[in-house]
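Trainee: from the sequence below, what's the structure:
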Amino acid sequence: MLRMALAVALSAGISVCEEAALWRDFSPPGGGFSIRLPGTPTEQPQTTEGMRQFELKTGDQDYVVSYADLIAEMKGLAPEQVLEKLRDDFVRKVPGGKLIDSARFKIGGNTGLSWVLESAGPGRPTFKMKMSAVVAGDRLFHYGFIARDDLFNEVAVDRYLETFELLPPR
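Mentor: Purely as a prediction, here's the structure:
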């Protein structure tokens with residue numbers, strides 16, 4: 001029984017990863033990045049001045065990516081401090097949010113931070129999110145995946161997040 005469950009889980013993960021290879025690059029003009037998505041995201045209304053945010057919803061799965069120039073008070077901070085503040089603010093703002101994991105990484109010599117967050121509330125299913133953020137120069141990039149816990153496959157999510165690339169300045 002365990003062997004069969006493992007085989008199903010692995011084949012589902014491989015299927016999603018294979019599909020990711022067929023996804024399209026998304027790179028908004030002036031964004032300075034590229035990421036692969038399973039469709040075309042829509043730009044969301046600005047909630048923070050100077051931030052551009054894009055979202056692609058597929059049922060109970062949500063792919064997000066945004067970027068913004070660092071505000072003046074953030075420019076004096078080390079990239080690690082900026083990223084930790086973003087993560088902590090994000091966790092605090094998510095109802096029922098609980099930080100599960102957090103890890104630093106490098107992309108093109110720039111400092112990044114990823115974190116996994118779980119959110120549960122009365123009368124609604126548990127959601128999981130894996131978010132990544134990178135500070136490159138004076139710009140902050142933030143991208144991630146949100147889904148119901150039963151639809152969250154971290155292997156496939158990592159495959160999606162690994163498609164993010166910083167583009168050289170033009």
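
Trainee: and the residue at minimal distance from the centre of the chain, bridged to which residues?
Mentor: Nearest to the mean C-alpha position of the chain, by C-alpha atoms, centre = their mean, lies residue 144 at 1.2 Å. Per DSSP bridges, the residues bridged to residue 144 are residue 64, residue 131.

Trainee: that one: what's it in contact with?
Mentor: Taking C-beta atoms under 8 Å, 6 or more residues apart in numbering, we find residue 144 in contact with 63, 64, 65, 129, 130, 131, 132, 161. C-beta coordinates here come from the backbone N, C-alpha and C atoms, glycine included.

Trainee: residue 76 versus that one, what's the distance?
Mentor: Distance of residue 144 to residue 76, computed by C-beta to C-beta, to the nearest Å: 26 Å.

Trainee: how about residue 32?
Mentor: Taking C-beta to C-beta, one finds residue 32 at 22 Å from residue 76.

Trainee: cool, and residue 104?
Mentor: 20 Å.

Trainee: repeat for residue 109
Mentor: For residue 109 relative to residue 76 (C-beta to C-beta), the value is 20 Å.
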